[in-house]
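**Student:** Turn this into a model:
(one chain, ligands or ions: 2)
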Amino acid sequence: MALPQQVRLVEVGPRDGLQNESGPVIATAIKVELIERLAEAGLCHIESASFVSPKWVPQMGDGAEVMAGIRRKPGVIYSALAPNLKGLEAALAADVSEVAVFTAASEAFTQKNINCSVAESLERFAPLIERARAEGLRVRGYVSTTLGCPYAGEIAPSEVAAVSRDLYQLGCYEISLGDTIGVGTPLKAKRMLEAVSREIPMEHLAAHFHDTYGQALANLYAVLEEGIAVIDSSVSGLGGCPYARGASGNVATEDVLYMLNGLGIETGVNLDKLVATSCWISEQLNRPLTARVAQAIGCTAQPASESESESESESESDNTNH
Ligand SMILES: CC(=O)SCCNC(=O)CCNC(=O)[C@H](O)C(C)(C)COP(=O)(O)OP(=O)(O)OC[C@H]1O[C@@H](n2cnc3c(N)ncnc32)[C@H](O)[C@@H]1OP(=O)(O)O
Ligand SMILES: CC(=O)CC(=O)O
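**Tutor:** Ligands and ions are numbered 1, 2, ... in the order given. Below is the predicted model of the structure:
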């Protein structure tokens, strides 16, 4: 199949990335600035918060404050995770643009992650999705462990297809297929996608791959060839899952963007601004720069100059950048 002409990038760094940071809870102001910089770089869908139990995931405990702090850019979706009705109510109060529910293809992982079985998770999501849609919000669905589970090992493509179909039938507009621990390889990714796409049209599927074994770009290229046109990624490759030991970061947004640019695929995202944001967040978190494209371009690169007169916020951000 021909590669897509356009890809929609869903930036998950502020949620999937930051949820797993060890050490002190990251200041709300840093999260807010990260989200604003990502929007300024052209990302139109930013998963910005998570309304889960703060006892389970302390880094995400300030979702309401983060959502309240963002200067929202028209046209940008600021979404959040909600595992149950309590989370949805908090997300609605915070005026999120969209919510995402999450379960997995593995029973063992689901128990560790959300303390229930896969079937129970779907039972919880049914009223959540109904209520969100009644409030005019779209709901995205995540299926984790699609290419392997840290507790159960191999996962059959048919299991991924079954839970994806259930989520889709409950009313999720898009199903994001997570290689949560980054163990997949290209052929495996294709086979999993083939099974899922027999149940759900390809245009309602997204790839969400972690890069633990350095396979994420290869896996993404493989699923682009199959017709995937929505990719989740995380600036600077931030991330991991607190309930999946060994899960390293998501594939880095700048690495994905560089590949897509090289393939002539449109995203609407500015690489220089994204790399500047990657450098900035790495400095804020006191982390080495790990994304390959950010390393190659380097942190002395200035964000594209055409943006400097665009907004006051932009020039303020630039001043703190280097
Ligand atoms: C692959 C990935 O990256 S997925 C993302 C990472 N994983 C996650 O974010 C999952 C985090 N997990 C969780 O938050 C929890 O497992 C839950 C909330 C889903 C379920 O936990 P349970 O303990 O079974 O929930 P239960 O309904 O029994 O409530 C227990 C407590 O949590 C609170 N709680 C439940 N849901 C929420 C919520 N959405 N937000 C805040 N607090 C909540 C309850 O009020 C209760 O509080 P209390 O002890 O003070 O009375
Ligand atoms: C919800 C997610 O973050 C998905 C995953 O990584 O499996």
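**Student:** just the residues of this protein that are near ligand 2, which are they?
**Tutor:** 16, 102, 142, 144, 178, 180, 208, 241 (CB under 6 Å from any ligand atom). The C-beta positions use only the backbone N, C-alpha and C, and glycine is treated the same way.
**Student:** Look at the first one and give its secondary structure.
**Tutor:** Put plainly, it is residue 16. Using DSSP: H, G, I helix; E, B strand; the rest coil, the structure places residue 16 in helix.
**Student:** returning to what we had before: which of the residues of the chain next to ligand 2 has the largest number of neighbours?
**Tutor:** The most crowded member of the residues of the chain next to ligand 2, judged by other CB atoms under 10 Å, is residue 180 (32 neighbours).
**Student:** Pull the contacting residues for residue 65.
**Tutor:** residue 28 (CB atoms under 8 Å, 6 or more residues apart in numbering).
**Student:** any idea of the mean pLDDT in the host helix or strand of it?
**Tutor:** For residue 65, the host element (DSSP states H and E) is helix 63-69. Averaged across helix 63-69, the pLDDT comes to 98.
**Student:** So it, near ligand 1 or not?
**Tutor:** No: for helix 63-69, no contact with ligand 1 is found by CB under 6 Å from any ligand atom; the gap never falls below 8.7 Å.
**Student:** tell me which residues in that helix are buried?
**Tutor:** 63-64, 66-67, 69 (16 or more other CB atoms under 10 Å).
**Student:** Can you tell me which of the residues of the chain next to ligand 2 is nearest residue 274?
**Tutor:** Using CB to CB, residue 16 is the member of the residues of the chain next to ligand 2 that sits closest to residue 274, with 16.6 Å.
**Student:** ok, the closest one touching residue 235?
**Tutor:** No: if you go by CB atoms under 8 Å, residue 16 and residue 235 don't touch, sitting 10.8 Å apart.
**Student:** Restricted to strands, list the residues of the chain next to ligand 2.
**Tutor:** For the residues of the chain next to ligand 2, the ones inside strands are 102, 142, 144, 178, 208, with DSSP state E as the criterion.
**Student:** Using TSV, lay out these together with pLDDT and distance to residue 47.
**Tutor:** Listed next are these as TSV, based on pLDDT from 0 to 100; distance: CB to CB, whole Å:
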residue	pLDDT	distance to residue 47
102	98	11
142	98	10
144	98	14
178	98	12
208	98	10
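**Student:** who's whichever residue of the chain sits closest to ligand 2 bridged to?
**Tutor:** Residue nearest to ligand 2 within the chain: residue 178 (2.5 Å; CB to the nearest ligand atom). Following DSSP bridges, residue 178 is listed with bridge partners residue 208.
**Student:** In contact with it, which residues?
**Tutor:** 104, 142-146, 208-210.
**Student:** Confirm that residue 108 sits in a helix.
**Tutor:** Yes: applying three-state DSSP, one finds residue 108 inside a helix.
**Student:** what would the buried residues of helix 63-69 look like in a markdown table with distance to residue 153?
**Tutor:** Listed next are the buried residues of helix 63-69 as a markdown table, based on distance: CB to CB, whole Å:
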| residue | distance to residue 153 |
| --- | --- |
| 63 | 33 |
| 64 | 38 |
| 66 | 36 |
| 67 | 38 |
| 69 | 41 |
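**Student:** so which pair among those residues is furthest apart in space?
**Tutor:** Of all pairs in those, the most separated under CB to CB is 63 and 69 at 10.8 Å.
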